[in-house]
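S.K.: 3D, please:
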Amino acid sequence: MGMKRRAAIGASLRRLLQGFILGGFAWGGGTPAQLWAEDVSRQSARTPPAWLRDGVIYEIFPRNFCSAGNFNGITARLDELKNLGVNIIWLMPIHPMGEKMRKGTIGSPYSVRDYYGINPDYGTKEDFQRLVSEAHKRGLKVIIDLVANHTAWDSVMMEHPEFYKHDASGKIIPPEKDWTDVAGLNYENPKLREYMITMLKYWIDPGSFDVDGFRCDVAFGVPTSFWEEARAELMKVKPDIMMLAEASKPDLLVKAFDCDYSWPLLSTLNDVLQKGAPASEFKRSWEQTRAQFPRGSCHLRMSDNHDEPRAVVRFGLKGALAASAFMFTLDGVPLLYNGMEVGDATGSGDPALFEKMPVFWDGKDRAPLRETYRDLIKLRKEHAAFRNDKVVWLRNSDDANLVTFMRMEGKEEFVVVINFSNRPQVGSVEVMHDEDFKPVKFAGLPEPPARGFPMFRLNGFEWRVYERTAK
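M.R.: Predicted coordinates for the structure are as follows:
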């Protein structure tokens, strides 16, 4: 259950700031909040496993991904995903859903009734084990959604009311007022922490399901101390486990998580493509995040996910592809949401989260997006320049509409040029050795001119990548 870039501060941070203020501490050069952020930014982020740092994540909503809406339907399409080039499959919650106080006809998968169970609509435990096993045979990792912040009202855990948050009258309450279909968990209770950690070990244990990690829903709503405790215990079972936080909270990346959501950049993407903000906002947003987060932080780069209306609806087909080109060539780990590679425009976010809305895979006269995505992923796989955190923003002739930056590793240099307006743009970029750069070809796109760089003419939402090998 995503919060759509809500800038909420975790309880641990609030307590920390209150301690600064009530304790009467004073420093020159900044507020307590600023100084806390600066302190975190001076630390180093934990190092992600190589398979995540070098990877591409594909998010699957099991009931919508295929007509069958189950694990076997996903297993049948693993070769297709492998061929696309992704290496990490993220399954949205696979557990039985709550029925009490549910929203919509079916209810949200983020209203979990039993963390140890399998949604019977998706299949059996054996079906899920087969899905994970077949994915591993193909070199694909599998992570599952962990909804640790709350449960369904008819959860099996209601036998332990002490596991939940209560109001002043002793009544169990939701974590947020309008999240009426779920009840909030209380991590001040050490027994709850123990229950959750034991449950997480169950899913990663090679003798049970052998999943490779977790995407942690509303991670900012759960104390950082729990995540750090859980991470330490889980690594005893699986040392190269992956943990992805649905959050944009710097301290989570110090010890607990390998990667988080780049919500600020996604918000900027919406501002530029929907509200007319200048494209220079991308550089500002990126630099602001770099300054606030621990050194070496890894962020999930996304333009589409289950909480947002589909990118092709928000930005149009060409705008959505330009957004993807941006996210796939920046630092961090890119995300594809199911059906994105065919331009699916089926509903997403509310109310689609509570209904069955299958991906429409075979639209008539669609652009060959799959081939373009395959080449973007191939570019990232074959060139380490796109898998490190070195991004050099380049000056161009029109930063209100154009984004230009360089990625480099060793002798390889790449320049990315994107027109974020819907109008043709004639422009130029400032880069050394410009005469040595040659355009990269992408399937499904017009072949770029072989000459002319660093000058270029781009149609609306057109983008290009140029490469050079230093001598």
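S.K.: where along the stretch 251-400 of the chain do the helices fall?
M.R.: 252-255, 263-275, 281-292, 311-329, 369-382 (DSSP state H, counting those that start in this stretch).
S.K.: can I get these in CSV including mean pLDDT and distance to Val86?
M.R.: C-beta here means a position set from N, CA and C on the backbone, and glycine is covered the same way. Shown next, in CSV, are the helices of the stretch 251-400 of the chain (pLDDT from 0 to 100; distance: least, C-beta to C-beta, whole Å):
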stretch, mean pLDDT, distance to Val86
helix 252-255, 98, 23
helix 263-275, 97, 19
helix 281-292, 97, 24
helix 311-329, 97, 11
helix 369-382, 97, 7
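S.K.: out of these, the one nearest Gln129 is which?
M.R.: Judged by C-beta to C-beta, the one of those that comes nearest to Gln129 is helix 369-382, at 27.6 Å.
S.K.: if we can go back for a sec, want to throw the helices of the stretch 251-400 of the chain into TSV with mean neighbour count and distance to His160?
M.R.: As requested, the helices of the stretch 251-400 of the chain are exported to TSV (neighbours: other C-beta atoms under 10 Å; distance: least, C-beta to C-beta, whole Å):
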stretch	mean neighbour count	distance to His160
helix 252-255	22	26
helix 263-275	19	33
helix 281-292	17	38
helix 311-329	22	41
helix 369-382	19	45
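S.K.: what's next to stretch 168-184, contact-wise?
M.R.: Contact with stretch 168-184 is made by 1, 98, 101-103, 107-108, 110-111, 149-153, 155, 158, 161, 164-167, 185, 218, 221, as judged by C-beta atoms under 8 Å, 6 or more residues apart in numbering.
S.K.: now it: buried residues?
M.R.: Residues of stretch 168-184 classed as buried: 174-176, 179, 181-184 (neighbour count, 16 or more other C-beta atoms under 10 Å).
S.K.: circling back to that earlier point, want to throw the helices of the stretch 251-400 of the chain into JSON lines with distance to Ser67?
M.R.: Shown next, in JSON lines, are the helices of the stretch 251-400 of the chain (distance: least, C-beta to C-beta, whole Å):
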{"stretch": "helix 252-255", "distance to Ser67": "37"}
{"stretch": "helix 263-275", "distance to Ser67": "30"}
{"stretch": "helix 281-292", "distance to Ser67": "38"}
{"stretch": "helix 311-329", "distance to Ser67": "21"}
{"stretch": "helix 369-382", "distance to Ser67": "19"}
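S.K.: ok, which of these comes nearest Glu355?
M.R.: Of all the helices of the stretch 251-400 of the chain, helix 311-329 sits nearest to Glu355, with 16.6 Å by C-beta to C-beta.
S.K.: packing partners for the closest one?
M.R.: Helices and strands touching helix 311-329, by 3 or more C-beta pairs under 8 Å, 6 or more residues apart in numbering; DSSP states H and E, are helix 263-275, strand 333-337, helix 369-382, strand 412-419, strand 463-469.
S.K.: stretch 398-417: which residues count as buried?
M.R.: Neighbour-count burial for stretch 398-417 [16+ other C-beta under 10 Å]: 398-399, 401-408, 412-417.
S.K.: out of the contacts of stretch 168-184, list just those in helices.
M.R.: Under the assignment DSSP state H, those contribute nothing to helices.
S.K.: give the ChimeraX command for selecting the buried subset of those residues.
M.R.: Selecting only the buried entries of those in ChimeraX, with 16+ other C-beta under 10 Å as the criterion:
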select :1,98,102,103,107,108,110,111,149,150,151,152,153,155,158,164,165,185,218,221
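S.K.: name the surrounding residues that touch stretch 307-325.
M.R.: For stretch 307-325, using C-beta under 8 Å, 6+ apart, the contacting residues are 2, 4, 266, 269-270, 273-274, 303-304, 334, 340, 343-349, 353, 367, 369, 372-373, 376, 416, 418-420, 422, 460-463, 465.
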